[in-house]
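> Got a sequence here, can you model it:
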Amino acid sequence: MSEHEHDDQHDHDDEHDEATHGTDPLTGIDPADLHAAVDALAASLHSYVDTAVGVRAEFGAQEADEDPRILSLESEIGGHNAALYDLLHARLGLHADLTGMSWGDEEEGDADAAPAEPDVETFHVGFVVTRGASAGDRTLDSVLDVVESGGAEIAQAVVDSGFDVHEWGVSRGAPVLFDEDADDEEQE
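So this is what the prediction gives:
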């Protein structure tokens with residue numbers, strides 16, 4: 001199942017509105033509340049940047065990552081992302097994957113690579129993590145190293161099973177958004 005098919009991770013009514021989730025085009029949509037949700041998210045992101053600059057001026061990187069002001073804004077941004085997702089789902093029937101990150105040389109391509117098959121799918125694994133007493137002085141950022149190591153092992157296991165892994169990445173707070181997903185968004 002792709003991220004654009006129905007997912008059961010979010011509270012959805014058992015009965016979807018046929019017009020919103022149907023196969024016919026949906027016309028006459030007033031996007032004002034959708035833009036308002038994006039504006040609220042953008043305002044929180046701007047606040048995050050301003051706060052991060054201020055916190056970093058006071059503390060080192062490790063302390064800044066764990067600063068309550070930063071963590072509070074990250075939670076707020078996550079809430080705005082969830083609200084936007086829910087609104088896009090309720091109004092347009094979309095299962096939007098808007099919050100992922102990926103790193104790579106986007107302009108460099110492997111000329112010898114096989115073309116992507118038309119049935120390319122993305123898969124996601126998620127973890128909800130808190131610091132335990134045995135974490136010592138390690139921050140939640142160190143979890144990314146563990147997840148990245150596990151991701152490499154999973155990617156290799158998928159390849160060993162006969163599949164091609166075109167991209168993989170790790171992120172904190174949201175699924176990874178890959179290039180083909182970004183291209184789809186630009187076309188809309």
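> Quick check: closest non-adjacent residue to residue 141.
If the residues on either side of it in the chain are set aside, residue 141 comes closest to residue 65, at 5.4 Å by C-beta to C-beta, 6 or more residues apart in numbering. Any C-beta I mention is one placed from the backbone N, CA and C, and that applies to glycine too.
> Can you list the residue ranges for helices in this protein?
Here the chain has its helices, by DSSP state H, at 18-21, 32-58, 61-65, 68-92, 142-160, 179-187.
> Among the ones you listed, which comes closest to residue 120?
Closest of the helices of the chain to residue 120 is helix 179-187, at 6.9 Å (criterion: C-beta to C-beta).
> domain ranges for this protein?
1-96, 100-188 (automatic domain parsing).
> Format these as JSON lines; extra columns: mean pLDDT and mean neighbour count.
Below are the domains of the chain laid out as JSON lines (pLDDT from 0 to 100; neighbours: other C-beta atoms under 10 Å):
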{"stretch": "domain 1-96", "mean pLDDT": "83", "mean neighbour count": "13"}
{"stretch": "domain 100-188", "mean pLDDT": "73", "mean neighbour count": "11"}
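> related to what we said a few turns ago, verify the stated contact: the residue nearest to residue 141 with residue 140.
Yes - contact between residue 65 and residue 140 holds when scored by C-beta atoms under 8 Å: they sit 7.3 Å apart.
> quick one, what contacts residue 158?
residue 165 (C-beta atoms under 8 Å, 6 or more residues apart in numbering).
> gap between it and residue 132?
From residue 158 over to residue 132 the distance is 30 Å, taken as C-beta to C-beta, to the nearest Å.
> what sits against residue 154?
Residue 154 sits next to 125, 168 when contact means C-beta under 8 Å, 6+ apart.
> likewise residue 45?
Residues near residue 45 by C-beta under 8 Å, 6+ apart: residue 77.
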